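[1] Show me how the following folds:
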Amino acid sequence: MGGSRALAALLSALLVSGVLSLCPEPSVLRDVNGVRVCARLFEDSDVLYDRCCGGGYMDIVGPADVPSIERFWNDRTSSLVVGPRCELTVWNKLNKRGYRRKFRTGIQYRLEEVGKGLFGDWDNSITSYYCKCN
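    The predicted structure is shown next:
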């Protein structure tokens with residue numbers, strides 16, 4: 001019984017510290033083949049940061065210049081992670097038109113917290129992108 005209490009205390013501490021967050025750290029961003037990823041786009045976010053970066057995801061291996069994101073991912077991204085020494089530029093319209101936003105190395109847990117224009121946000125708004133790494 002003491003072992004299960006210790007395990008529960010350890011899991012609680014990990015949850016509080018954010019270690020069990022779904023978002024990967026930029027420094028470990030690699031695809032299934034171990035190739036460095038410029039950025040990873042995630043389908044879901046949540047009001048709790050520890051639950052962001054959920055659902056399906058799409059890896060972008062740089063350099064990538066995409067004027068029209070694949071149909072499934074069009075206007076579907078809710079959180080993202082950009083790899084070390086990388087920069088992701090996104091647009092909300094086809095052919096890199098409309099509003100533009102640059103994301104640098106780091107985690108953007110909730111795109112709904114990133115303003116777009118006067119009243120909008122970037123949640124479910126990415127339609128084209130350019131990603132590069134140094």
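[2] quick one: contacts for the most centrally placed residue in the chain?
    The central residue of the chain, meaning the one whose C-alpha is nearest the mean C-alpha position (CA atoms, centre = their mean), is residue 80 at 1.1 Å. Residues in contact with residue 80 (CB atoms under 8 Å, 6 or more residues apart in numbering) are 39-42, 88, 103, 107-108, 111. To be clear about C-beta, it is placed using only N, CA and C from the backbone, and glycine gets the same treatment.
[3] need those residues in CSV with pLDDT and secondary structure, can you?
    As requested, the contacts of residue 80 are arranged in CSV below (pLDDT from 0 to 100; DSSP: H, G, I helix; E, B strand; the rest coil):
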residue, pLDDT, secondary structure
39, 98, strand
40, 97, strand
41, 97, strand
42, 96, strand
88, 98, strand
103, 98, strand
107, 97, strand
108, 96, strand
111, 95, helix
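[4] Pipe those into JSON lines and attach distance to residue 55 and neighbour count per row.
    Listed next are these as JSON lines, based on distance: CB to CB, whole Å; neighbours: other CB atoms under 10 Å:
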{"residue": "39", "distance to residue 55": "16", "neighbour count": "27"}
{"residue": "40", "distance to residue 55": "12", "neighbour count": "24"}
{"residue": "41", "distance to residue 55": "10", "neighbour count": "24"}
{"residue": "42", "distance to residue 55": "6", "neighbour count": "24"}
{"residue": "88", "distance to residue 55": "19", "neighbour count": "27"}
{"residue": "103", "distance to residue 55": "19", "neighbour count": "21"}
{"residue": "107", "distance to residue 55": "16", "neighbour count": "18"}
{"residue": "108", "distance to residue 55": "15", "neighbour count": "24"}
{"residue": "111", "distance to residue 55": "13", "neighbour count": "24"}
